[in-house]
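S.K.: sequence unknown, structure follows:
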Ligand code: PEP
Ligand code: MG
């Protein structure tokens, strides 16, 4: 039995055999060849393409039978690409000109194609990038004789163990089979953590290097996502103790469910709106189950991370599904926040030296205007089915906001000319998650209807700490005083401008932080739906005066540990 400590990011416990997940794209060998070896590399390419072709033909036939012509057509497009004589010619040229192995030649082909397609103004052509990506990965797998590991193929209950998990890995995974998650890197606010909470999968991240190398596939692993403990090969005594602890957890879950219809308010009756963060439309059932009063953050980019770029109709369908399910309760849809750790090779958003400081979110959308307006039109069309708000992520200057609003105006006009009705009074807001936005929130408040504070990124950028890097996770303190000041500043500017201010970072999901935030003046908090009961319980245990006094004291403190001690002493949560 071996116990490892990590960061508890998603509550619950479970035990199951380990499934080791490694990213097959990370290990593509690239090496020099001689002129005499060119022919042999070409032969490898021909053989791999042939195998890929057979595989695609089988997939096409299966798709035709099970999903219909439209799905099968995707594979026809892949076959066309594979059979295009230009592909062979380009690979041959590349081998002769550069004298690098065929895997390198294929990667250069991929980059070139992605650049070409993604710079097109036509969204239909842009969407073909995912086909290139798919075909290239398939050929590479045959060249490298690798089995495709897909998290969607998992068919027995497992604990997913990985060095790191990209949001795109997790979107398509077989959720009912993944009983727990353990990764070497990642922190509380990394997207892997956010998704684990959304999917209600117990998870411990940031267990440190070498964990994956020391574990064998199939070894039993116990994950405690509340205490941040991972036990490999737990012994009988441990399992016995765990069975007893399980009963207490079941009781608490029952009490949480009972809180569902109780109002979220302080002891003296100040109403607080607790709304939910979602990533995928099918989380709506959970949102309703936990009694959320709306959706404060729909991370729409997750619709794009499942392997293809959804067009206007598909997006409109998905947004409408969420809006209708919420039956008039407000749904805030955040526009595409791609980039950073949410890479989308299909759109060319890869390969930056500093992705977190790079071409991300609104910066990406303001350049990919057709893609952006397609999404805006889809949201606008969904807005007639309920109460929808639009939110722009990562705004760092007023110019960005004005440009985003300009494109929204164009999208509204386009909807009108195509005969689509929309909510003409749809509210637009921005995430306050870059320090420059918090500092200049007074200026920004004049060009939008609401702010939502994103403390995950606000902390990351204020403290210069990569939120997914376990080595510096200690700096990402829950009550950093600089971040608290920026939050207070944003609330103040929002109050002054009479616009709504809410908070949708992970901080809102922590009961003690929620008390602090309400004391600082917030009246709307957005969090993973499963966090709502505990936050509600905490808010119902204090008066608004008590919360304000705590916040007042916290804001005068010098360090996160002092604030933490204050909250522990004042609250018995
Ligand atoms: C945030 O940054 O706090 C936020 C809510 O957005 P995301 O976690 O998706 O970056
Ligand atoms: Mg963010």
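M.R.: Right, received. Where do you want to start? Since the structure is predicted, the reported quantities are computational estimates derived from the model, not experimental observations. Residues are numbered from 1 along each chain as shown. Ligands and ions are numbered 1, 2, ... in the order given.

S.K.: from residue 340, how far out is the nearest residue to residue 367 once chain neighbours are set aside?
M.R.: By the measure of CB to CB, 6 or more residues apart in numbering, the closest residue to residue 367 outside its immediate chain neighbours is residue 359, 7.6 Å from it. Yep, even glycine has a C-beta here, placed from its N, CA and C like the rest. Distance of residue 359 to residue 340, given as CB to CB, to the nearest Å: 10 Å.

S.K.: so for these two, which sits in the more crowded spot?
M.R.: When neighbours are counted by other CB atoms under 10 Å, residue 359 and residue 340 differ, and residue 340 comes out ahead with 24 against 18.

S.K.: so after the longest helix seen in the chain, what's the next helix or strand?
M.R.: Among all segments of the chain classified by DSSP state H, the helix with the greatest residue count is helix 38-66. Downstream of helix 38-66, the first helix or strand assigned by DSSP states H and E is helix 69-83.

S.K.: distance from the chain centre to that next one, please.
M.R.: Averaging C-alpha positions (CA atoms, centre = their mean, to the nearest Å) puts helix 69-83 29 Å from its chain's average.

S.K.: what pLDDT, on average, does the helix or strand just after that helix get?
M.R.: Elements were assigned by DSSP H and E; along the chain past helix 69-83, the next helix or strand is helix 85-98. Confidence for helix 85-98, expressed as mean pLDDT, is 90.

S.K.: for the stretch 351-500 of the chain, just list every one of the helices.
M.R.: With helices called from DSSP state H, counting those that start in this stretch, the stretch 351-500 of the chain shows them at 361-367, 369-382, 398-417, 435-439, 441-444, 455-463, 481-497.

S.K.: wait, residue 191 sits on residue 167?
M.R.: Yes - assessed by CB atoms under 8 Å, residue 191 is found in contact with residue 167 at 4.4 Å.

S.K.: common neighbours of those two, please.
M.R.: Residues touching both residue 191 and residue 167 by CB atoms under 8 Å, 6 or more residues apart in numbering: 341-342.

S.K.: between these two, which has more neighbouring residues?
M.R.: Comparing residue 191 with residue 167 by neighbour count (other CB under 10 Å), the higher total belongs to residue 191, at 25 against 21.

S.K.: what's near enough to touch that one?
M.R.: Taking CB under 8 Å, 6+ apart as the test, what residue 191 contacts is 167, 341-342, 468.

S.K.: who wins on neighbours among those?
M.R.: Using other CB under 10 Å as the neighbour criterion, residue 468 leads these with 25 neighbours.

S.K.: quick one: contacts for that residue?
M.R.: Contacts for residue 468 (CB under 8 Å, 6+ apart) come out as 164, 185-187, 190-192, 341.

S.K.: ok, how many other residues are close to the closest residue to it other than its chain neighbours?
M.R.: Sequence neighbours aside, residue 190 is the residue nearest to residue 468 in space, at 4.0 Å (criterion: CB to CB, 6+ apart). Each residue near residue 190 was counted by other CB under 10 Å, and the total is 30.

S.K.: please report how far residue 190 lies from residue 355.
M.R.: Relative to residue 355, and taking CB to CB, residue 190 is found at 13 Å.

S.K.: which neighbours do the two have in common?
M.R.: Counting by CB under 8 Å, 6+ apart, the residues touching both residue 190 and residue 355 are residue 341.

S.K.: residue 191 versus whichever residue of the stretch 1-150 of the chain sits closest to ligand 1, what's the distance?
M.R.: Nearest residue of the stretch 1-150 of the chain to ligand 1, counting by CB to the nearest ligand atom: residue 9, 12.7 Å away. The gap separating residue 9 from residue 191 is 11 Å, by CB to CB.

S.K.: overlap in contacts, those two.
M.R.: Between them, residue 9 and residue 191 share no neighbouring residue, with contact defined by CB under 8 Å, 6+ apart.

S.K.: quick check: closest non-adjacent residue to residue 96.
M.R.: When the adjacent residues along the chain are set aside, residue 96 lies closest to residue 38, with 5.9 Å between them (CB to CB, 6+ apart).

S.K.: also residue 489?
M.R.: With CB to CB, 6+ apart as the criterion, residue 489 has its nearest non-adjacent residue at 5.6 Å, and that residue is residue 438.

S.K.: and stretch 418-432, is it in reach of ligand 2?
M.R.: No - for a cut-off given as CB under 5 Å from the ion, stretch 418-432 has no contacts with ligand 2; the smallest distance is 6.1 Å.

S.K.: avg pLDDT for that stretch?
M.R.: Stretch 418-432 carries an average pLDDT of 97.

S.K.: centre of the chain to that stretch, how far?
M.R.: The chain centroid and the centroid of stretch 418-432 are separated by 23 Å, computed with CA atoms, centre = their mean.

S.K.: what's in contact with that stretch?
M.R.: Stretch 418-432 is contacted by residues 332, 334, 377, 380-381, 383-384, 388-395, 401, 405, 408, 412, 415-416, 437-438, 441, 444, 448-454, 457-458, 490, 499-500, 504 when judged by CB under 8 Å, 6+ apart.

S.K.: repeat for stretch 196-204
M.R.: Applying CB under 8 Å, 6+ apart, the set of residues contacting stretch 196-204 from outside is 6-14, 170, 175, 178-183, 192-193, 223-226, 228-230, 277-280, 283, 286, 509, 528-531.

S.K.: next, the angle helix 69-83 makes with the helix or strand harbouring residue 138.
M.R.: Applying DSSP H and E as the criterion places residue 138 in helix 129-143. Comparing the axes of helix 129-143 and helix 69-83 via axes from the mean of the first three to the mean of the last three CA atoms, to 10 degrees yields an angle of 60 degrees.

S.K.: show me what helix 129-143 is packed against.
M.R.: In this structure, helix 129-143 packs against helix 38-66, helix 69-83, helix 102-118, with contacts taken as 3 or more CB pairs under 8 Å, 6 or more residues apart in numbering; DSSP states H and E.

S.K.: let me know the angle separating the shortest one from helix 102-118.
M.R.: Spelled out, that is helix 69-83. Between the direction of helix 69-83 and that of helix 102-118, the angle (the same axes, to 10 degrees) works out to 130 degrees.

S.K.: excluding chain neighbours, what is closest to residue 390?
M.R.: Of all residues beyond its chain neighbours, the one nearest residue 390 is residue 428 (4.8 Å), with distances taken as CB to CB, 6+ apart.

S.K.: alright, calling it a day.
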